[in-house]
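>>> Give me the fold of what follows.
(2 chains)
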There are 2 protein chains.
Amino acid sequence: MRIEYGSLIPAEYARRETLLHVANGYLGVRGSFEEGVPPHLRSVRGAYINGFFDEAAIHYEERLHGFAATQQSMVNLPDVQGIQLTLAGEDFSCFTGSLEHFSQVLDTATGVYIRDITWTSPGGRATRLQFRRLASLVIPQLFLIDLTVEALNWSGPVHIRSTQSGEVRQDSDPEDPRKAAVGRRTLRVDEVTLAGGAAEMLLSTLGSALTLASAVGHQAPAGFSLEAKRESGLVSWTFQGELAQGRPVVLTKYCVFADSRRHPAPKQDAERLLNLAMEQPFAHWASLQKQALNALMAGAKASISGDNVLNTSLSFSMYSLLMSAGRDGVGNISSKGLSGEGYEGHYFWDTEVYMFPFFLLTNPEIARALLMSRARMLPGAKAHAREMGHPQGALYAWRTITGTECSSYFPSGSAQYHINADIAHAFLSFWRVTDDLDFMAGHGLEVLVETARLWLDAGHFSGGQFRIDNVTGPDEYTCIVNNNYYTNKAAQHHLRGVCQLARALQDQGKFHAPERLGLTQEELEQFQEAADRMFLPFDEALGICSQDDSFLGKKRLDLSRIPRENFPLLMHYHPLFLYRHQVLKQADTVLSHFLFEEGEPEEAIRQSYHYYEAITTHDSSLSPCVHAMMAARIGETAKALAYYESVAALDLMDTHKNTADGIHAANMGGCWMGLVYGFAGLRIGENSLRFRPTLPESWQSYRFRFRWRGSLAEAAVDEKGIRFTLLDGPAFALSVDGKQVDIAGPQPV
Amino acid sequence: MRIEYGSLIPAEYARRETLLHVANGYLGVRGSFEEGVPPHLRSVRGAYINGFFDEAAIHYEERLHGFAATQQSMVNLPDVQGIQLTLAGEDFSCFTGSLEHFSQVLDTATGVYIRDITWTSPGGRATRLQFRRLASLVIPQLFLIDLTVEALNWSGPVHIRSTQSGEVRQDSDPEDPRKAAVGRRTLRVDEVTLAGGAAEMLLSTLGSALTLASAVGHQAPAGFSLEAKRESGLVSWTFQGELAQGRPVVLTKYCVFADSRRHPAPKQDAERLLNLAMEQPFAHWASLQKQALNALMAGAKASISGDNVLNTSLSFSMYSLLMSAGRDGVGNISSKGLSGEGYEGHYFWDTEVYMFPFFLLTNPEIARALLMSRARMLPGAKAHAREMGHPQGALYAWRTITGTECSSYFPSGSAQYHINADIAHAFLSFWRVTDDLDFMAGHGLEVLVETARLWLDAGHFSGGQFRIDNVTGPDEYTCIVNNNYYTNKAAQHHLRGVCQLARALQDQGKFHAPERLGLTQEELEQFQEAADRMFLPFDEALGICSQDDSFLGKKRLDLSRIPRENFPLLMHYHPLFLYRHQVLKQADTVLSHFLFEEGEPEEAIRQSYHYYEAITTHDSSLSPCVHAMMAARIGETAKALAYYESVAALDLMDTHKNTADGIHAANMGGCWMGLVYGFAGLRIGENSLRFRPTLPESWQSYRFRFRWRGSLAEAAVDEKGIRFTLLDGPAFALSVDGKQVDIAGPQPV
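Predicted coordinates:
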C-alpha cells in the first residue's frame, strides 16, 4: 500500500510532514523537505526518539497541593534533514521555477518514503531530484537520506550543502490547549567532533540532563570536493562537482542518534553504529528494511475487499502502529507515535485500550515490551498515588513519559483513575492470550496488585456497596463524578482479575511474590469483596447503565442546536458548561460495554448505546471507533460502517484538522480493532477467543491474521460466513456465535 | 484603643508592618521602618491604592476554553517611606547599637501610628526619634510622615536622607498558593520633576496602562541645608544641619498619590493636593484626622465589658474595616484591605457576606458606595457569563479588581456561582435597611435582574424541581457538585427578592427599567417559579440539610486522625483527596442557615450545625465567625465564645501565620458580626430588625450602635437583658425574641 501525492499543495505541507514521517518504534523523522520551505508556511520540522524527553517546572497561577510539578516533553532532535542544492548557481526550491513532476510516496511494504521531482529552474534548467528516506528497522538508531540528482537539459556545477543543526526548538502554539503553550529549547550542544564528511555532536537536555549523540556521515558523489564547516551548533558540508547532462549523481546521508536512556555510552555507540551503517549503501538497508517489515507484518496481515479507501487506511494504520511502538521496554507508544509533538509525546491510556490489542493479537513480543514499559513506571505510579493522598497502592500517571504525572489540569488528568484498570486490563488480556504465567508472576502480579490496592483506598463501602467517589471517567466532558459506571466496572474487572491470577499462580506453584508485595489472603479477599459488591449505577426508568450517579439528572444538551463551527465543543465552551450538561466528548458507558460486556443484559447494552450515542460529540478521536465496534455489536452494521469510515478518514483526510501535529495513533488502533473486534466481533475470553462476524453490505470480504498462544491463524469473512486457516503452531479452539470451532488447518465455518 | 508593642521582635516585623499600616479606604501604607531593615528579614515594604491595578496574561500549561485570561494585581506604589538618618557620622538602625526604648503604637481613636525610639549608637550617642504617620481621611490621597529627632547626650551634625523610589516590585512567594507566584515590576517611571524639597513622579503601569502621580514635599528643620538628587527612578533629598543636645528638630514628609482611575489629570491633582497639604503642619492634619475618625465611628461604636482582649480586637476590627473600604464607588474592599498584597488585592464575596453588614448597619453611605462599585462591574459580569457559556445574565467574577475574572483555578473560582446571590443579598439587605427605593430603581434592579437571569440558564427544571448542577458552594474542599444547598437556598432568596423588589417598585411607580432591561412579567414569573420549586437537598435519616446531592454519601474524614502539622489541609493534600471525603474547609450549609434561616425548622438548623461542625477544619478564615454566630443562634453560648475568641485572635495573634501578607478583613467583619449578629442575634427582616440576645457568662455587658432607616440607636446587653437607646432620627420598631419593641428614646426591655 502506498500513501501517494502527485502535486505540491502548500496548505497540506505540515499534514504531509506527519503522514510521510519515517519511524521504527525508536526513532521518527517527519517528512519535511530537505531544502526547507518559505518561512510563512506552517512546518513542524522535527525528529524524535521514543521516550527521550526534557523536563521543566510547570507554572501555575494558583498551585494547589499535589499538582503535577514537572512537564516532560519528547525532545525535537538535532535537525539532520537539511540538504540544499545550488544547480549551476540557482538554488533549488519547490516554491520557485516550475515543477514538471512532483510526487511524494510512502510505501508501507518497503518502509521507504520517496520524493520525486522534476524541476525547471527560473533559468530554464530541468533537473530530476529523488530523495529517499528510511528509519531502519534493523539499526533503530539509523535514519538515511539518499539523494539522486540528474541534470536533464544542462551540464554545469552543482553545490550540495548538507547540514546537521543542534540549534533546534520545540514546536508550540499558545492558542491550542492540545499543544505546548511555549516553544522552547530543550537541547544544549556540548561537543562537536568534525572529521571530513562525518561529524558527531554530543548534546544534553537542559532540564532532564539526558545526553544524546547525533552522528552524521556521507557517501559523496564520486569526484566531488568537500568543504566541511562548523559554526556553533551547526555543522555543514558542501559538496561541489560538475553535473553532466543525463548522468545522475548520488549522495547518501547516514544519520545516527543514540540516547542515554538506552545507551550507557551514547557517543561511542553512535560512532560505532555510524561506521557499521556506512559500510553499506542505501540499497542494502532498503532491502533489509523490506525483509524486516515483512517479518513484522507476518502476524498482522489484514485487508478489506470491496472498499479501497478503507483498505488503504487499514494498511496504513497497521504500518503506523508498528512504526510507533517502542520495543525496548523503555519507550511506549506516544499518542502521536513518532510523527509529531502533539500532546508532548506523552503516553496515555490510549496505549492499553486502543493500541495494545493489535499488538497482543499480532505481535505479542511488542505487546510484552509495552507492558514492560508500564512495569518500569511502577515506582512513579506509587509516588503519584502518595501525591494524590493515598497511603497505599499505585496510580499510573494520566500522561507521562517516565511515569511522573504531567497533566496540569487534573479534572481531566489525574482524576481519570480508570487508567489503573485499563493497564490492568492489558496485563490480564496478555495473560489470557499468551498464557505466559512466568511473565505474570515476574512482572504482572506486582503491577496488578499495586494498582488494585488503590481502589480499596479510593473507594469505600457504604450501604453494602463499594463506591468510588470523585473520579473522572473516559468522557472528559463530565469530570469529577461519583461512581462513574466505566470506572467501577473496570475496577471490578481489575479486582477480580487479580484474584484469578493469584489463584492461577498458586495452582501452578508460581505464586512467589506475596512476601515481597506484602500480599495476604486477607487482602485478596478484600479485593474480591470490593469487586463483588461494586456499585454499578443503573437507571430503571430508562433501562440503561448510568454514566455516573448524577449524569442522567443533568440538563440534556441538544447537539442539533449547536452551530457546526462550535465543534469540537472544548474549543468553544467553558468546561463547566460541558460538565453541567448531558453531553459526551467520547464513548464512556458504551466503551465499558465494549471492554466488559460480561454480565450485561443485551437490552441494557443496546439501549445504553442508543441513549449515549445521541449526546456524544465524538470530539475525541478515541470515540468513533468504539461506536463503530458497538454498533456492529448490536447488529447495526450500516451504522458501524459509517463510523468506521470516519475512523479511516481521520488522518488521511485530516478530518480533525490537526494531523499536522501528528497522527492519531489510538484511532489507528481503532481502525484495526474496528475490523477485528467490530465486524468480526472478536473478544478475548478466559480460555479462548470468541467471534461474532458480520459483513457490511457493500464489502465483498475481509480477512485478518491473529495469534493465539503460539499459533498464527487467518480469518476470512465473506457472505458465506467466516473461515479460519491455521498458518502456524498447534491447533486450538475458538467460538463463533457461541459455537466451538477447532482450528487445525484450512476450514470453513 | 491602641495596638501597642514595647519591644522589637525581628520575627514579628512583617506581621507588624501589616497590623500597623495606615489607610483611609483609598490609600494604604504598610508600617515599614523608614530607615529599612537588614536584607535577611522578611519585609513586605508596600503602599497601595484601592483598585489601582496592573494586569498580565495568565499562563496555563493546558488552557481550556474560557479560562481567565488576565491576572490583575493591586500595584505596589512608589516607595515614599524612606528616611535614613546619619547622626554624627553613625547610621541609625534599630538593629545596631542598643534600643533604650522602642514602641510602636497605632491609636484607633486618632488614626495615627507612632514609632518611638531611644537609641544609643555603637559610639554611645543617645538619640530619641519619633516617627508619626497617617493616611488622611480628609485628603485621601495624602500620606504623612512626621519625624522628630532629639540628641539626648550629644550635639553634632545630622544628615537626614529622604527618598521617593519608583523602582519597586510586587511581593511574591512561589511556595504559597495564596500569593502571586512571581514577583514582578508593574510600574514604569515616565517623568520626574524635581524642584527643591519637592518632586513629582509620573508613572504608568506596564500591563494595564494606568497612570499615577506621586508627589512628595518636605517641611525641613529650620536652618538645615538641602541637597536634592535624582538617579533614574529614585529621588533623594539630603537635609544637613546641626543637632544641639536637648533641642529636637522636626521633618515633615508630605506624600500624595493620584491615580488615573479617579483623576482625569493625576499630575495636576497631585501637585494641587500636595500644595494644599503643605500649607498646614502635621498637627493640623492629625487633628482633622481625629475629627473625621470620630464622625466615621459615630454609627459604629461597640464595646465589650469583661474581656479586654475581645474588646481590643473588636475596636481594631471596626477601625480596620473603615480604613479598608472604598468610598468612591470604584474601590471595593480587598480581602486584605489596604494592608498587603495577599490575594493580589482582589475583591471576593468576602465583601458582601462578611463586611457589608457592618457598613450597612453603621455607615450606609459606605455601604452604598460598595454596592455602586459592584454595579460598575456589571458589564464585566455580563461578559464573564458569556465566557462561561451563558447566553443571558451576568455572573460576577469570583476574584477581581475591575470585574474581570482573575481566578485561574475555576473549580474553587468561577464555579462559585453563589457569588451572584451573595451580591444580590447585599443589595436586598440595603433595600430592607435603608428603604432607598430610588437607589434600587436606579442601580439595584439591574444588578439583581441580570444576576437572577443566570440562575435560569445555569439551572433547569427536572422532576418538578429546579436544580442547579455543577457549581461549587462556599466550602472549597468540595468542588463542582450538584444542588449545593447553600447555592440553591441563596439563589431562591435572590429570585424571590427580585420579584419582591419589582412589586415594590411597581407599587411606588418607580418601575422604570423594564424596557431597557427587557424585563417582562413573564420573566418575573419564571424567577418566582424557579424559587418556589427550588430543590433543597435534605437527608431524612440524619435530619439535616445535605451540603449537596452526594456529599453525605462520601467517605467521612476523621479529623482527629490527621496530624496537627497537616493543617491547613489544602497545603498538604491534593484537592481530589479533599473532594472525595466529607470534610469542610469552611461553613457552607451552616452559613446558609445564618443568612437564610427563614423556613428552616429549628431542629434541622441545630442538627446540621452539629453534623457539619465535626468535619469542618476552619482552614478558611471565613469560617470561625460563622460558627460563632450559629453556635450562639442555637443557644450554645460557651462554644460561640470559644469560636469568637479565635476570630478575635486571628490577626492580632497571627494564628494563621500569614498576617504578614495582610489583615483578614472578612474575619474582622466577622468579629463585628459575631457580637451583633452572634451574641445579640440581630437579623434583618423585611420590615424590621430582629434580636435574640445572649450574654456569655464571663462578660459583664456589651453594647453597639446601629442605624435603621435614618435613625441611629444603641443596644446594650447585660445580664438583665437588652436595652435600646434612640440616639438620632425618628422612632422605629424592632423585635426582641419575637416581641415587638418601639424605639423612641432610652428604654429597657
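>>> Every contact and neighbour count from this point should use C-alpha atoms.
Noted.
>>> Angles on the backbone of A:Ala367, please.
Dihedral angles phi and psi of A:Ala367 (degrees, to the nearest 10) take the values phi -60, psi -40.
>>> list the contacts for it?
A:356, A:359-360, A:430 (CA atoms under 8 Å, 6 or more residues apart in numbering or on different chains).
>>> Would you tell me which residues of the stretch 451-600 of chain A are close to chain B?
Proximity of the stretch 451-600 of chain A to chain B, by CA under 8 Å from any CA of the partner chain, involves residues A:460, A:462, A:469-470, A:480, A:482, A:550, A:553-555, A:570-577, A:579-580.
>>> again, 10 Å this time
Taking CA under 10 Å from any CA of the partner chain, the part of the stretch 451-600 of chain A that reaches chain B is made up of A:458-463, A:467-471, A:478-482, A:549-551, A:553-556, A:569-581.
>>> which of those are buried?
For those, a neighbour count by 16 or more other CA atoms under 10 Å in any protein chain shown gives the buried set as A:458-461, A:467-471, A:478-482, A:549-551, A:553-555, A:569-581.
>>> Same list (the contacts of A:Ala367) but as CSV, adding pLDDT and neighbour count.
Shown next, in CSV, are the contacts of A:Ala367 (pLDDT from 0 to 100; neighbours: other CA atoms under 10 Å in any protein chain shown):
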residue, pLDDT, neighbour count
A:Phe356, 98, 30
A:Phe359, 98, 24
A:Leu360, 98, 22
A:Phe430, 98, 27
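>>> ok, and of these, which contact chain B?
Among these, no residue sits close to chain B (CA under 10 Å from any CA).
>>> Now, the residues of the stretch 451-600 of chain A next to chain B that are in strands?
If you go by DSSP state E, these have A:459-462, A:467-468, A:555-556, A:581 in strands.
>>> Quick check: the farthest pair among those?
A:Phe461 and A:Arg556 (30.8 Å; CA to CA).
>>> All the helices of the stretch 201-350 of chain A, residue numbers only.
A:266-278, A:282-297, A:308-324, A:350 (DSSP state H, counting those that start in this stretch).
>>> who wins for proximity to chain B among those?
helix A:350 (19.0 Å; CA to the nearest CA).
>>> and after that closest one, which helix or strand comes next?
helix A:356-362 (DSSP states H and E).
>>> where does A:Cys479 fall, phi/psi-wise?
Torsion angles, degrees, to the nearest 10, at A:Cys479: phi -120, psi 150.
>>> okay but it is in contact with A:Val471, surely?
Yes. Taking CA atoms under 10 Å as the definition, A:Cys479 is a contact partner of A:Val471 at 7.1 Å.
>>> Identify the residue of the stretch 551-700 of chain A closest to chain B, quick one.
Closest point on the stretch 551-700 of chain A to chain B, by CA to the nearest CA, is A:His574, at 4.9 Å.
>>> ok, now how distant is that residue from A:Phe567?
13 Å (CA to CA, to the nearest Å).
>>> So what's the residue count around A:Val449?
Neighbour count of A:Val449, defined by other CA atoms under 10 Å in any protein chain shown: 25.
>>> for it, helix, strand, or coil?
helix (DSSP: H, G, I helix; E, B strand; the rest coil).
>>> The residue nearest to it when sequence neighbours are not counted: what's it in contact with?
In space, A:Val449 comes closest to A:Val498 once its chain neighbours are excluded; the distance is 6.6 Å by CA to CA, 6 or more residues apart in numbering or on different chains. By CA atoms under 10 Å, 6 or more residues apart in numbering or on different chains, the residues touching A:Val498 are A:424, A:428, A:444-449, A:451-452, A:504, A:524, A:527-528.
>>> which parts of the longest helix along chain A are buried?
Ordering each helix of chain A by length in residues (DSSP state H) puts helix A:485-507 first. Burial within helix A:485-507, assessed by neighbour count using 16+ other CA under 10 Å, is assigned to A:485-499, A:501-502, A:505.
>>> same thing with stretch A:192-204?
Buried, per 16+ other CA under 10 Å, within stretch A:192-204: A:192, A:194, A:197-204.
>>> Tell me the one among those nearest to B:Glu12.
Of the buried residues of stretch A:192-204, the one sitting nearest to B:Glu12 (CA to CA) turns out to be A:Ser204, at 46.2 Å.
>>> pretty sure that closest one is touching A:Pro266, no?
No. Counting by CA under 10 Å, A:Pro266 is not a contact partner of A:Ser204; they are 11.1 Å apart.
>>> who touches both of the two?
If you check A:Ser204 and A:Pro266 against CA under 10 Å, 6+ apart, the residues they both contact are A:211-213, A:259-260.
>>> near chain B, from these?
Applying CA under 10 Å from any CA to the shared contacts of A:Ser204 and A:Pro266, none is adjacent to chain B.
>>> Narrow those to those that are buried.
A:211-213, A:259-260.
>>> Any chance of a markdown table for the helices of the stretch 201-350 of chain A, columns distance to chain B, mean neighbour count and mean pLDDT?
Output for the helices of the stretch 201-350 of chain A, formatted as a markdown table (distance: least, CA to the nearest CA, whole Å; neighbours: other CA atoms under 10 Å in any protein chain shown; pLDDT from 0 to 100):
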| stretch | distance to chain B | mean neighbour count | mean pLDDT |
| --- | --- | --- | --- |
| helix A:266-278 | 32 | 19 | 98 |
| helix A:282-297 | 37 | 17 | 97 |
| helix A:308-324 | 25 | 22 | 97 |
| helix A:350 | 19 | 21 | 98 |
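>>> Figure out which of these is closest to A:Gln71.
helix A:350 (19.2 Å).
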